[in-house]
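**Student:** sequence plus predicted model, see below.
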Amino acid sequence: MRVADTRIGDRTFLGNHALVPAGADWPDGLFVGVATPADARRAGRDSSWFGHPPMRLPRREVVEVDRRLTHAPDPLRRATRAFWETLRFLLPGLPAAVAALWYAAAFQAASSMRPLGFLAFALPALTALALLLPCLATLALKWLLLGRVKPGRHGFWSCWCGRWDFVYMAWTAWARGSLASLEGSLALNACLRLTGMRIGRLVLLGRGFAQVVDPDMLCFEDRATVEGQFQAHSFEDRVLKIDRLRIGAGATVGAQTVLFYGAEIGAGAKIAPQGVVMKHDRIAPGSRHAGTPIRPLD
């Protein structure tokens, strides 16, 4: 085991699953993409890297946004963000209230019913209701705060980003535990459709769909097999970019594959595990791909 001091410079972006070795003084403005191992010998100031092995990105989309929404927020923006961050402290209140109501109702039912009727009917019904209520609250919160989400770009300090982040945290605290018990079943598909996901018939979802960050952006067509991870958004330069992702009918996306927004997987196509599908990639129907980033297979 090696332990060493490591410094990450200013204005650095590290993507999901990026690997940054210890013991280096990384330069300012470094950009390391998703699933990319950084190389201290090659990394330079304001350089961008992606892939395995890492390759230099000669051009990267940089969106110009009012700095009050990214790096220099005014007091109003700070207050808005502080409001949504502080509101997170109330999230445990709903599960606690539901647990208290379940206990009171169960105690009342046990006192007034015969043991067999209580154990066979009342207790399962009360437990199912207690698991359902937080899920319904999460669903209501999503549509109340965000509505039908559309592709777009939002600065980190915007009110929209605060609401978007709060809905994600509420889903974690309230619904993910209950929905995890439905993973691998078509019942979870039905629940996810209510959040805005477009899921066709007989779609098989792998693990990890008990919580979906951008449900309105995802479209899975009939008989698709989906086990990957979805980057329907990115947060480069403190700007949230969000766009749609489509998996065609009968297509297969392998485990731990990362798909970026704007990508379309054609009908019957197969993406091998551990791959990365780049932004706005169009994968031909019936083709086979693998790698980081993905490449066609013979």
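**Tutor:** Structure received.
**Student:** pull out the buried residues from the host helix or strand of Arg193.
**Tutor:** For Arg193, the element it lies in under DSSP states H and E is helix 186-194. By neighbour count on 16 or more other CB atoms under 10 Å, the buried set for helix 186-194 is Leu188, Asn189, Cys191, Leu192. C-beta coordinates here come from the backbone N, C-alpha and C atoms, glycine included.
**Student:** which residues sit against that helix?
**Tutor:** Contacts with helix 186-194, where a contact means CB atoms under 8 Å, 6 or more residues apart in numbering, come from Cys135, Leu139, Leu179, Leu182, Ile199, Leu202, Val203, Leu205, Phe209, Ala210, Val212, Pro215.
**Student:** wait, isn't the second one in contact with Thr195?
**Tutor:** Yes: in this structure, Leu139 is within contact of Thr195 by CB atoms under 8 Å, at 6.4 Å.
**Student:** just for this structure, where's the confidence low?
**Tutor:** 59-61 (pLDDT under 70).
**Student:** centroid-nearest residue for it?
**Tutor:** Nearest to the mean C-alpha position of the chain, by CA atoms, centre = their mean, lies Val213 at 3.5 Å.
**Student:** check contacts around it.
**Tutor:** Tyr168, Phe230, Ala232, His233.
**Student:** who touches the spatially closest residue to Phe260 that is not a sequence neighbour in this structure?
**Tutor:** Distances taken as CB to CB, 6 or more residues apart in numbering place Lys279 nearest to Phe260, at 4.3 Å, with adjacent residues excluded. Residues in contact with Lys279 (CB under 8 Å, 6+ apart) are Phe260, Tyr261, Gly262, Ala263.
**Student:** mind giving me the ChimeraX select for those residues, buried ones only?
**Tutor:** Listed next is the ChimeraX selection for buried residues among the contacts of Lys279, using 16+ other CB under 10 Å:
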select :260,261,262,263
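**Student:** out of the contacts of Lys279, who's nearest Phe121?
**Tutor:** For the contacts of Lys279, the residue nearest Phe121 by CB to CB is Tyr261; the value is 47.0 Å.
**Student:** and the nearest residue to the closest one once chain neighbours are set aside, how far from Thr225?
**Tutor:** Distances taken as CB to CB, 6+ apart put Asp243 closest to Tyr261, at 3.8 Å, once the chain neighbours are dropped. In this view, Asp243 and Thr225 are 23 Å apart by CB to CB, to the nearest Å.
**Student:** of the two, which one has the most company?
**Tutor:** Legend: neighbour count by other CB atoms under 10 Å for Asp243 and Thr225, higher for Asp243 (20 against 17).
**Student:** pretty sure the more buried one contacts Gly262?
**Tutor:** Yes: the criterion here is CB under 8 Å, and Asp243 meets it with Gly262 at 4.7 Å.
**Student:** thinking again about what came up before, would you format the buried residues of helix 186-194 as TSV with distance to Asp298 included?
**Tutor:** As requested, the buried residues of helix 186-194 are exported to TSV (distance: CB to CB, whole Å):
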residue	distance to Asp298
Leu188	36
Asn189	34
Cys191	40
Leu192	36
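**Student:** among the residues you listed, which pair sits farthest apart?
**Tutor:** Once CB to CB is applied, the buried residues of helix 186-194 give Asn189 and Cys191 as the farthest pair, at 7.3 Å.
**Student:** in this structure Glu227 contacts Ala251, no?
**Tutor:** No: checked against CB under 8 Å, the pair Glu227 and Ala251 is beyond contact range at 11.6 Å.
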